[in-house]
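Colleague: Provided below for reference: sequence and predicted model.
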Amino acid sequence: MTDTPAVVLERVSKSYGDAGHAVTALSDVSLQVPASQFLSIMGPSGSGKSTLLNLIAGLDTPTHGRVIVGGQELTHLSDDACSDLRLRHIGFVFQSFNLFPTFTAEENVAWPLGFVGLRWRAAKMRAAETLEQMGVDAAARSRLPAELSGGEQQRVAIARALVTEPRLVLGRTHRQPRFANRSGDPRRPPPIEHAAGADRHHGHPQHLRGDVRAANPRAARRPHRA
Amino acid sequence: MADYWIAQIRRGFAGVDVLRAVVFLVMLLGIADTLASGVVQRTRELGAARAVGVRRWYLQRMVLVEALVMGALWIRWTFPYLLGYVLDFHLPYMQLGLIGLMTALVCAIAAVLPARGAARLEPAVALRYE
(Lines give C-alpha, C1' and ligand atoms only; values in the text may rest on other atoms or scores of the structure.)
Protein backbone atom coordinates (compact mmCIF):
# COMPACT_ATOMS: atom_id res chain seq x y z
CA MET A 1 0.00 0.00 0.00
CA THR A 2 1.35 3.39 -0.83
CA ASP A 3 0.43 6.87 0.30
CA THR A 4 1.33 8.45 -3.03
CA PRO A 5 -1.89 9.45 -4.75
CA ALA A 6 -2.45 7.86 -8.12
CA VAL A 7 -3.42 11.17 -9.71
CA VAL A 8 -3.17 14.76 -8.55
CA LEU A 9 -4.39 17.76 -10.51
CA GLU A 10 -3.50 21.13 -9.06
CA ARG A 11 -5.42 24.12 -10.40
CA VAL A 12 -5.33 22.78 -13.91
CA SER A 13 -6.70 24.81 -16.78
CA LYS A 14 -6.77 23.95 -20.44
CA SER A 15 -7.70 26.29 -23.26
CA TYR A 16 -7.68 25.68 -26.99
CA GLY A 17 -7.17 28.25 -29.70
CA ASP A 18 -5.70 31.75 -29.80
CA ALA A 19 -5.98 34.17 -26.93
CA GLY A 20 -8.73 36.10 -28.68
CA HIS A 21 -10.80 33.04 -29.54
CA ALA A 22 -9.75 30.68 -26.79
CA VAL A 23 -12.16 27.97 -25.75
CA THR A 24 -11.72 26.91 -22.18
CA ALA A 25 -12.16 23.18 -21.70
CA LEU A 26 -10.98 23.02 -18.11
CA SER A 27 -10.86 25.85 -15.66
CA ASP A 28 -8.92 25.70 -12.41
CA VAL A 29 -9.56 22.03 -11.72
CA SER A 30 -8.07 20.41 -8.66
CA LEU A 31 -8.48 16.71 -8.10
CA GLN A 32 -6.81 14.07 -6.01
CA VAL A 33 -7.34 10.38 -6.63
CA PRO A 34 -5.83 8.12 -3.99
CA ALA A 35 -4.23 4.87 -5.01
CA SER A 36 -6.40 1.75 -5.01
CA GLN A 37 -9.52 3.62 -5.94
CA PHE A 38 -11.98 3.11 -8.71
CA LEU A 39 -13.36 6.43 -9.79
CA SER A 40 -16.00 7.32 -12.33
CA ILE A 41 -16.52 10.88 -13.43
CA MET A 42 -19.67 11.57 -15.38
CA GLY A 43 -20.98 14.58 -17.19
CA PRO A 44 -22.57 15.92 -20.32
CA SER A 45 -20.87 16.12 -23.70
CA GLY A 46 -18.44 18.97 -24.09
CA SER A 47 -17.81 19.32 -20.39
CA GLY A 48 -14.12 18.52 -20.61
CA LYS A 49 -14.05 14.81 -19.79
CA SER A 50 -11.79 13.87 -22.68
CA THR A 51 -9.52 16.82 -21.99
CA LEU A 52 -9.22 15.73 -18.36
CA LEU A 53 -8.35 12.18 -19.41
CA ASN A 54 -5.85 13.37 -22.00
CA LEU A 55 -4.11 15.53 -19.43
CA ILE A 56 -3.90 12.70 -16.91
CA ALA A 57 -2.54 10.37 -19.59
CA GLY A 58 0.03 12.94 -20.68
CA LEU A 59 -1.47 13.09 -24.15
CA ASP A 60 -1.95 16.81 -23.80
CA THR A 61 -0.38 19.54 -21.70
CA PRO A 62 -2.27 21.91 -19.43
CA THR A 63 -2.33 25.63 -20.11
CA HIS A 64 -1.92 26.22 -16.38
CA GLY A 65 -1.48 24.05 -13.34
CA ARG A 66 0.20 20.77 -12.54
CA VAL A 67 -0.65 17.17 -13.37
CA ILE A 68 1.04 14.57 -11.19
CA VAL A 69 0.66 10.85 -11.92
CA GLY A 70 2.18 8.31 -9.55
CA GLY A 71 4.27 11.07 -7.98
CA GLN A 72 5.70 12.24 -11.30
CA GLU A 73 4.82 15.68 -12.57
CA LEU A 74 4.01 15.25 -16.23
CA THR A 75 4.82 18.82 -17.24
CA HIS A 76 8.42 18.20 -16.23
CA LEU A 77 8.79 15.06 -18.30
CA SER A 78 10.24 14.99 -21.78
CA ASP A 79 8.10 13.63 -24.59
CA ASP A 80 9.96 10.31 -24.54
CA ALA A 81 9.70 10.03 -20.76
CA CYS A 82 5.99 10.73 -21.00
CA SER A 83 5.66 8.01 -23.66
CA ASP A 84 7.50 5.56 -21.41
CA LEU A 85 5.22 6.44 -18.50
CA ARG A 86 2.18 5.70 -20.65
CA LEU A 87 3.72 2.49 -21.95
CA ARG A 88 4.64 1.05 -18.57
CA HIS A 89 2.32 2.62 -16.04
CA ILE A 90 -0.85 3.85 -17.73
CA GLY A 91 -3.39 1.77 -19.58
CA PHE A 92 -5.84 3.59 -21.82
CA VAL A 93 -9.15 2.24 -23.10
CA PHE A 94 -10.54 4.41 -25.87
CA GLN A 95 -14.21 5.00 -26.37
CA SER A 96 -13.98 3.74 -29.95
CA PHE A 97 -11.31 1.19 -28.92
CA ASN A 98 -8.85 2.29 -31.65
CA LEU A 99 -7.61 -1.22 -32.30
CA PHE A 100 -5.10 -1.56 -35.10
CA PRO A 101 -7.17 -2.89 -38.01
CA THR A 102 -4.45 -4.95 -39.69
CA PHE A 103 -3.47 -6.75 -36.49
CA THR A 104 -5.37 -9.70 -35.07
CA ALA A 105 -6.86 -9.38 -31.59
CA GLU A 106 -3.85 -11.16 -30.11
CA GLU A 107 -1.37 -9.02 -32.03
CA ASN A 108 -3.17 -5.88 -30.88
CA VAL A 109 -2.66 -6.91 -27.28
CA ALA A 110 0.88 -8.20 -27.79
CA TRP A 111 2.11 -5.17 -29.69
CA PRO A 112 2.79 -2.83 -26.70
CA LEU A 113 4.78 -5.59 -25.00
CA GLY A 114 7.37 -5.43 -27.77
CA PHE A 115 8.19 -1.91 -26.63
CA VAL A 116 8.78 -2.99 -23.03
CA GLY A 117 11.37 -5.47 -24.23
CA LEU A 118 9.48 -8.75 -24.58
CA ARG A 119 10.19 -10.99 -27.52
CA TRP A 120 7.32 -11.43 -29.93
CA ARG A 121 6.63 -15.07 -28.98
CA ALA A 122 6.57 -14.25 -25.25
CA ALA A 123 4.46 -11.17 -25.92
CA LYS A 124 1.91 -13.24 -27.83
CA MET A 125 1.76 -15.78 -25.04
CA ARG A 126 1.10 -13.10 -22.46
CA ALA A 127 -1.44 -11.48 -24.76
CA ALA A 128 -3.23 -14.81 -25.11
CA GLU A 129 -3.34 -15.18 -21.30
CA THR A 130 -4.71 -11.69 -20.85
CA LEU A 131 -7.33 -12.21 -23.55
CA GLU A 132 -8.34 -15.47 -21.93
CA GLN A 133 -8.79 -13.66 -18.61
CA MET A 134 -10.93 -11.13 -20.41
CA GLY A 135 -13.12 -13.91 -21.74
CA VAL A 136 -12.05 -13.68 -25.38
CA ASP A 137 -12.08 -17.19 -26.81
CA ALA A 138 -9.24 -18.72 -28.81
CA ALA A 139 -11.00 -18.40 -32.17
CA ALA A 140 -11.62 -14.69 -31.68
CA ARG A 141 -8.01 -14.07 -30.78
CA SER A 142 -6.83 -14.75 -34.31
CA ARG A 143 -9.46 -12.53 -35.93
CA LEU A 144 -9.05 -8.98 -37.14
CA PRO A 145 -10.91 -6.29 -35.17
CA ALA A 146 -13.41 -5.84 -38.02
CA GLU A 147 -14.39 -9.49 -37.62
CA LEU A 148 -15.10 -9.13 -33.90
CA SER A 149 -18.32 -8.06 -32.23
CA GLY A 150 -18.43 -4.73 -30.39
CA GLY A 151 -18.19 -6.49 -27.04
CA GLU A 152 -15.20 -8.53 -28.15
CA GLN A 153 -13.49 -5.43 -29.48
CA GLN A 154 -14.03 -3.76 -26.13
CA ARG A 155 -12.52 -6.71 -24.30
CA VAL A 156 -9.51 -6.68 -26.62
CA ALA A 157 -9.08 -2.95 -26.00
CA ILE A 158 -9.23 -3.53 -22.24
CA ALA A 159 -6.78 -6.43 -22.54
CA ARG A 160 -4.40 -4.16 -24.44
CA ALA A 161 -4.65 -1.61 -21.65
CA LEU A 162 -4.02 -4.22 -18.93
CA VAL A 163 -1.38 -6.38 -20.58
CA THR A 164 1.55 -4.23 -19.43
CA GLU A 165 0.19 -4.39 -15.86
CA PRO A 166 -0.14 -0.63 -15.50
CA ARG A 167 -0.61 1.17 -12.22
CA LEU A 168 -3.36 3.33 -13.61
CA VAL A 169 -6.05 2.47 -16.10
CA LEU A 170 -8.02 5.22 -17.79
CA GLY A 171 -11.08 4.48 -19.82
CA ARG A 172 -13.86 6.20 -21.66
CA THR A 173 -17.23 4.64 -21.96
CA HIS A 174 -20.82 5.61 -22.60
CA ARG A 175 -22.14 3.39 -19.91
CA GLN A 176 -21.46 2.67 -16.29
CA PRO A 177 -18.06 1.01 -16.28
CA ARG A 178 -18.10 -2.63 -15.36
CA PHE A 179 -14.82 -3.97 -16.53
CA ALA A 180 -12.84 -3.24 -13.42
CA ASN A 181 -11.56 -6.33 -11.64
CA ARG A 182 -13.18 -8.55 -14.25
CA SER A 183 -10.04 -10.54 -14.76
CA GLY A 184 -10.14 -11.91 -11.22
CA ASP A 185 -6.38 -11.96 -11.28
CA PRO A 186 -5.01 -10.90 -7.87
CA ARG A 187 -1.81 -9.69 -9.54
CA ARG A 188 -3.74 -7.10 -11.48
CA PRO A 189 -3.89 -3.57 -10.11
CA PRO A 190 -7.31 -2.11 -9.52
CA PRO A 191 -8.12 0.15 -12.43
CA ILE A 192 -9.09 3.71 -11.85
CA GLU A 193 -11.52 4.80 -14.46
CA HIS A 194 -12.20 8.38 -15.30
CA ALA A 195 -15.20 7.76 -17.40
CA ALA A 196 -16.43 11.24 -17.83
CA GLY A 197 -16.85 14.26 -15.75
CA ALA A 198 -18.14 17.73 -15.26
CA ASP A 199 -20.12 20.20 -13.39
CA ARG A 200 -21.98 22.53 -15.68
CA HIS A 201 -21.47 26.07 -14.61
CA HIS A 202 -23.67 28.98 -15.56
CA GLY A 203 -24.83 27.04 -18.60
CA HIS A 204 -21.35 26.92 -20.15
CA PRO A 205 -20.85 23.28 -20.96
CA GLN A 206 -17.21 23.77 -21.95
CA HIS A 207 -16.31 24.57 -18.36
CA LEU A 208 -15.40 21.78 -16.08
CA ARG A 209 -15.08 23.73 -12.86
CA GLY A 210 -12.62 23.36 -10.10
CA ASP A 211 -15.03 21.50 -7.90
CA VAL A 212 -14.86 18.26 -9.84
CA ARG A 213 -16.60 15.65 -7.82
CA ALA A 214 -16.16 11.95 -7.95
CA ALA A 215 -19.53 10.57 -8.87
CA ASN A 216 -18.86 7.03 -7.91
CA PRO A 217 -15.73 6.65 -5.86
CA ARG A 218 -15.31 3.45 -4.03
CA ALA A 219 -12.38 1.77 -2.49
CA ALA A 220 -10.97 -1.08 -4.45
CA ARG A 221 -10.95 -4.49 -2.91
CA ARG A 222 -7.29 -5.06 -3.57
CA PRO A 223 -4.30 -2.98 -2.59
CA HIS A 224 -2.70 -0.68 -5.09
CA ARG A 225 0.46 -2.02 -6.64
CA ALA A 226 3.26 0.50 -6.23
CA MET B 1 36.37 6.52 -87.41
CA ALA B 2 35.84 4.58 -84.16
CA ASP B 3 35.88 7.83 -82.17
CA TYR B 4 33.21 9.21 -84.42
CA TRP B 5 30.88 6.24 -83.81
CA ILE B 6 31.53 6.22 -80.08
CA ALA B 7 30.62 9.90 -79.96
CA GLN B 8 27.51 9.23 -82.01
CA ILE B 9 26.42 6.43 -79.72
CA ARG B 10 27.04 8.56 -76.63
CA ARG B 11 25.03 11.38 -78.15
CA GLY B 12 22.25 8.97 -79.02
CA PHE B 13 22.02 7.64 -75.48
CA ALA B 14 22.36 11.03 -73.78
CA GLY B 15 18.59 11.20 -73.51
CA VAL B 16 18.62 8.06 -71.39
CA ASP B 17 20.19 9.99 -68.51
CA VAL B 18 17.43 12.56 -68.73
CA LEU B 19 14.86 9.77 -68.80
CA ARG B 20 16.48 8.16 -65.78
CA ALA B 21 16.29 11.47 -63.88
CA VAL B 22 12.64 11.82 -64.84
CA VAL B 23 11.94 8.26 -63.69
CA PHE B 24 13.53 8.97 -60.31
CA LEU B 25 11.65 12.25 -59.98
CA VAL B 26 8.33 10.55 -60.71
CA MET B 27 9.27 7.82 -58.26
CA LEU B 28 10.16 10.42 -55.62
CA LEU B 29 6.82 12.15 -55.98
CA GLY B 30 4.91 8.89 -56.11
CA ILE B 31 6.48 7.46 -52.98
CA ALA B 32 6.21 10.74 -51.06
CA ASP B 33 2.55 11.05 -52.02
CA THR B 34 1.78 7.43 -51.09
CA LEU B 35 3.54 7.74 -47.75
CA ALA B 36 1.91 11.07 -46.93
CA SER B 37 -1.57 9.79 -47.72
CA GLY B 38 -0.79 6.65 -45.70
CA VAL B 39 0.11 8.81 -42.71
CA VAL B 40 -3.08 10.86 -43.08
CA GLN B 41 -5.24 7.74 -43.45
CA ARG B 42 -3.73 6.24 -40.32
CA THR B 43 -3.85 9.38 -38.22
CA ARG B 44 -6.08 7.83 -35.56
CA GLU B 45 -4.00 4.67 -35.43
CA LEU B 46 -0.81 6.66 -35.11
CA GLY B 47 -2.48 8.65 -32.32
CA ALA B 48 -3.49 5.40 -30.63
CA ALA B 49 0.08 4.14 -30.95
CA ARG B 50 1.36 7.31 -29.29
CA ALA B 51 -1.28 6.96 -26.58
CA VAL B 52 -0.14 3.39 -25.92
CA GLY B 53 3.34 4.77 -25.35
CA VAL B 54 5.15 4.53 -28.66
CA ARG B 55 7.82 7.19 -29.02
CA ARG B 56 7.87 9.69 -31.85
CA TRP B 57 11.08 8.35 -33.42
CA TYR B 58 9.53 4.92 -33.81
CA LEU B 59 6.76 6.31 -36.00
CA GLN B 60 9.34 8.25 -37.97
CA ARG B 61 11.38 5.09 -38.50
CA MET B 62 8.26 3.15 -39.43
CA VAL B 63 7.51 5.52 -42.33
CA LEU B 64 11.14 5.37 -43.48
CA VAL B 65 11.06 1.57 -43.50
CA GLU B 66 7.82 1.67 -45.48
CA ALA B 67 9.56 3.88 -48.05
CA LEU B 68 12.49 1.50 -48.36
CA VAL B 69 10.18 -1.49 -48.75
CA MET B 70 8.37 0.39 -51.50
CA GLY B 71 11.69 1.09 -53.17
CA ALA B 72 12.70 -2.58 -52.93
CA LEU B 73 9.42 -3.61 -54.55
CA TRP B 74 9.92 -1.01 -57.25
CA ILE B 75 13.32 -2.44 -58.07
CA ARG B 76 12.00 -5.99 -57.97
CA TRP B 77 9.24 -5.24 -60.46
CA THR B 78 10.83 -2.71 -62.76
CA PHE B 79 14.48 -3.61 -62.90
CA PRO B 80 14.22 -6.30 -65.59
CA TYR B 81 12.40 -3.83 -67.80
CA LEU B 82 14.92 -1.07 -67.15
CA LEU B 83 17.81 -3.28 -68.16
CA GLY B 84 16.02 -4.88 -71.02
CA TYR B 85 15.97 -8.60 -71.75
CA VAL B 86 18.26 -8.02 -74.71
CA LEU B 87 21.14 -7.77 -72.30
CA ASP B 88 20.32 -10.99 -70.50
CA PHE B 89 23.78 -12.37 -71.19
CA HIS B 90 25.31 -9.60 -69.14
CA LEU B 91 24.49 -8.63 -65.56
CA PRO B 92 25.73 -5.11 -64.92
CA TYR B 93 26.49 -5.25 -61.20
CA MET B 94 27.65 -1.68 -61.19
CA GLN B 95 24.44 -0.39 -62.68
CA LEU B 96 22.42 -2.65 -60.41
CA GLY B 97 24.17 -1.31 -57.31
CA LEU B 98 23.89 2.26 -58.50
CA ILE B 99 20.16 1.97 -59.14
CA GLY B 100 19.68 0.28 -55.75
CA LEU B 101 21.58 3.06 -54.04
CA MET B 102 19.72 5.77 -55.92
CA THR B 103 16.40 4.13 -55.14
CA ALA B 104 17.20 3.93 -51.41
CA LEU B 105 18.27 7.57 -51.47
CA VAL B 106 15.16 8.68 -53.33
CA CYS B 107 12.97 6.69 -50.93
CA ALA B 108 14.69 8.22 -47.92
CA ILE B 109 14.21 11.73 -49.34
CA ALA B 110 10.59 10.97 -50.18
CA ALA B 111 10.01 9.73 -46.64
CA VAL B 112 11.39 12.79 -44.86
CA LEU B 113 8.25 14.93 -44.82
CA PRO B 114 5.70 12.14 -44.24
CA ALA B 115 7.89 10.67 -41.48
CA ARG B 116 8.21 14.04 -39.84
CA GLY B 117 4.46 14.49 -40.11
CA ALA B 118 3.87 11.14 -38.40
CA ALA B 119 6.29 11.95 -35.62
CA ARG B 120 4.85 15.40 -35.04
CA LEU B 121 1.30 14.18 -34.63
CA GLU B 122 -0.06 15.23 -31.27
CA PRO B 123 -1.80 12.15 -29.89
CA ALA B 124 -4.74 14.07 -28.43
CA VAL B 125 -5.36 15.73 -31.81
CA ALA B 126 -4.76 12.53 -33.78
CA LEU B 127 -7.28 10.61 -31.69
CA ARG B 128 -9.95 13.18 -32.53
CA TYR B 129 -9.24 12.83 -36.26
CA GLU B 130 -12.07 11.34 -38.33
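Modeller: Happy to help now that I have it.

Colleague: Identify the residue of chain A closest to chain B, quick one.
Modeller: Of all residues in chain A, residue A:87 sits closest to chain B, at 2.5 Å by C-beta to the nearest C-beta. C-beta: built from backbone N, CA, C; applies to glycine.

Colleague: Need the nearest residue in space to that residue, chain neighbours excluded.
Modeller: residue B:53 (2.5 Å; C-beta to C-beta, 6 or more residues apart in numbering or on different chains).

Colleague: Can you give me the pLDDT of that neighbour?
Modeller: Note on residue B:53: pLDDT of 90.

Colleague: likewise residue B:124?
Modeller: On the pLDDT scale, residue B:124 gets 82.

Colleague: would it count as being in a strand?
Modeller: No: Residue B:124 sits outside any strand when classified using DSSP: H, G, I helix; E, B strand; the rest coil, being helix.

Colleague: who touches it in this structure?
Modeller: Contact analysis of residue B:124 by C-beta atoms under 8 Å, 6 or more residues apart in numbering or on different chains lists A:54, A:59, A:60, B:47.

Colleague: Next, check those residues against the helices and list the overlap.
Modeller: Counting by DSSP state H, the contacts of residue B:124 place A:54, B:47 in helices.

Colleague: Now flag whichever of the contacts of residue B:124 is closest to residue B:14.
Modeller: When those are ranked by distance to residue B:14 (C-beta to C-beta), residue B:47 comes first, at 49.8 Å.

Colleague: Of all residues in chain B, which one is closest to chain A?
Modeller: residue B:53 (2.5 Å).

Colleague: Secondary structure of residue A:146: a helix, I assume?
Modeller: Yes: Residue A:146: assigned to a helix according to three-state DSSP.

Colleague: Return the residues in contact with it.
Modeller: residue A:101.

Colleague: per-residue confidence at it?
Modeller: 95.

Colleague: Kindly tell me how buried the residue of chain B closest to chain A is, as a neighbour count.
Modeller: If you count neighbours by other C-beta atoms under 10 Å in any protein chain shown, residue B:53 ends up with 25.

Colleague: now swap in residue B:115 and tell me
Modeller: Look at residue B:115: counted by other C-beta under 10 Å, it has 24 neighbours.

Colleague: Over to the one 10 residues further on?
Modeller: Look at residue B:125: counted by other C-beta under 10 Å, it has 13 neighbours.

Colleague: Which residue comes closest to it once chain neighbours are left out?
Modeller: Residue B:125's closest residue in space is residue B:47 (C-beta to C-beta, 6+ apart), at 7.3 Å.

Colleague: swap in residue A:167?
Modeller: Closest to residue A:167 by C-beta to C-beta, 6+ apart is residue A:89, at 4.8 Å.

Colleague: Please list all residues in contact with the one you found.
Modeller: A:69, A:70, A:166, A:167, A:168.

Colleague: quick one, phi psi at the first one?
Modeller: Going back to what we said before, that points to residue A:69. Here is the backbone geometry of residue A:69 (degrees, to the nearest 10): phi -120, psi 120.

Colleague: So which residues of chain A form strands?
Modeller: A:7-16, A:23-33, A:37-38, A:64-69, A:72-73, A:90-93, A:168-171, A:218-219 (DSSP state E).

Colleague: All good on my end, thank you.
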